[in-house]
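here is my input, please return the structure:
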Amino acid sequence: MTRAPIRWGVIGTGGIARRFAGDLAYSTSGVLAAVGSRDGTRAFAFTADFGDGIVADETDRILARPDVDAIYVGTVNRAHAGIAIAALEAGKPVLVEKPLAPTSVEAAEIRDVARRRGLLAMEAMWMVFTPGIVRLRALLAAGAIGEARSLSANLSYARAYRPDQDIFDPRTGGALLDLGVYPIALAHHLFGAADEVAAVVERNEAGSLRQAALVSRHGKVLAKLSCGFETEGPNGAMVSGEHGRIALAGPFFCPPALTLTRHHAGTALDPRGGDMPADAASGAAVGHGNEGAPSETDAALEAWAQRRPETIATPVAGSGLQYQADHFADCLAKGLTESPLHPLSASLAAIAVIERATTLRPSKRAGRRGGQLPG
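Here you go, the predicted structure:
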């Protein structure tokens, strides 16, 4: 049976709300039905780019409409909890832009209201549902690189400090809440909650967090994560395991491709690039055994050639936000109140890591600019 499309009400008129509304054109399950804002005029102007028949009004009126099935909260961080809770109280399931809330207290309030109302609530950690991350998780589950041992991920975009912008608010903004939540969420999604976390952060004179470096342990996996507004970073990621590695092309939260490189113990670096078996590396210098007959070195070289890096394309339709909307719709159809792939516990865990990283005791060398986690 064909399901009726989810009629989305988008709250917010900024860049991320616009991207979500635009990507609904690629959704298999939902359509843009309404847009809400504190200023109904801004909501009306927003709808002009998305066709006819889209309702525009003030937020409270959109939440009360019976022809809106679900709410996407795409506002600034500080408004997430208030709008999400109001939507839930109005009987609407909610998809809340990352971070779920700027503090664990507010995030827990969203969770508690959703449970009381028996409604689906999910953080819009769209990364989890993009084709590249889905493929990465499948490769790891299939043992493509053996048991994982480390993750490295960086997300940095140069942004000039603007005190009037919410993104630089010392309490509800900053690099960790805006960017760092991605690598933190990736580590949790792949390897579970962190057992240990250490961090160094840098703030400007106004207290806004400009960049951060974290190390977290997830069982046997050590994650090295960084983010910042200071520079343009490579914005890629790498998962390394016992028998290989998988590189995620930047931006890693929606990678256009993965590069899988397999290797085994006892390998040496081949001058042509990649990993070359140690016996082949030594045998290559002395040549073949019997003339015209394949030698052990030939066999080793052939085995090495089969382990050359493999590029796996992971193309994305639109900018990729529709995949989370389709997952959300599937959860609704199944009567779920939390996503099995990205439950609220994962969202709260990421916020807890950010709060631990930003509650620092300055070290003697770091002074005003850095610090270490309390012992």
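
shaky segments in the stretch 201-350 of the chain?
Under the criterion pLDDT under 70, the flagged ranges of the stretch 201-350 of the chain are 264-307.

now do the helices in it.
For the stretch 201-350 of the chain, helices defined by DSSP state H, counting those that start in this stretch occupy the ranges 278-283, 296-305, 322-333, 344-358.

what do you get for the stretch 1-150 of the chain?
15-23, 40-47, 59-63, 80-89, 104-117, 131-141.

counting by contacts, list what the third one packs against.
Read that as helix 59-63. strand 6-11, strand 30-37, helix 80-89 (3 or more CB pairs under 8 Å, 6 or more residues apart in numbering; DSSP states H and E). C-beta here means a position set from N, CA and C on the backbone, and glycine is covered the same way.

hey, C-alpha coordinates of that helix in PDB?
In PDB, the C-alpha atoms belonging to helix 59-63 read as follows (Å, rounded to 0.1, in the frame of the first residue of the first chain):
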ATOM      1  CA  THR A  59       5.100  29.600  14.200                       C
ATOM      2  CA  ASP A  60       2.300  29.000  16.700                       C
ATOM      3  CA  ARG A  61      -0.300  28.900  14.000                       C
ATOM      4  CA  ILE A  62       1.700  26.500  11.900                       C
ATOM      5  CA  LEU A  63       2.100  24.100  14.900                       C
END
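
mean pLDDT for the helices of the stretch 1-150 of the chain: which is lowest?
Ranked by mean pLDDT, the helices of the stretch 1-150 of the chain end with helix 40-47 in last place, scoring a mean of 94.

just the angle between it and helix 15-23, please?
40 degrees (axes from the mean of the first three to the mean of the last three CA atoms, to 10 degrees).

by how many degrees do helix 40-47 and strand 6-11 diverge?
130 degrees.

buried stuff in helix 40-47?
40, 42, 43, 44, 46, 47 (16 or more other CB atoms under 10 Å).

tabulate these (CSV), appending distance to residue 338.
Converted to CSV, the buried residues of helix 40-47 look like this (distance: CB to CB, whole Å):
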residue, distance to residue 338
40, 32
42, 32
43, 29
44, 34
46, 30
47, 31
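
nearest to residue 228, of the helices and strands packed on helix 59-63?
helix 80-89 (22.6 Å; CB to CB).

can you tell me what sits against the closest one?
11, 59-60, 63, 71, 73, 75, 94, 96-97, 99-102, 106-107, 109-110, 113-114, 117, 119, 121 (CB atoms under 8 Å, 6 or more residues apart in numbering).

could I get the buried residue list for it?
80, 81, 82, 83, 84, 85, 86, 87, 88.

could you check the angle helix 104-117 makes with it?
Angle, helix 80-89 to helix 104-117, by the same axes, to 10 degrees: 0 degrees.

residues near residue 171, how many?
Taking other CB atoms under 10 Å as the neighbour definition, residue 171 ends up with a count of 13.

one more: residue 104?
Residue 104 has 17 nearby residues by other CB under 10 Å.
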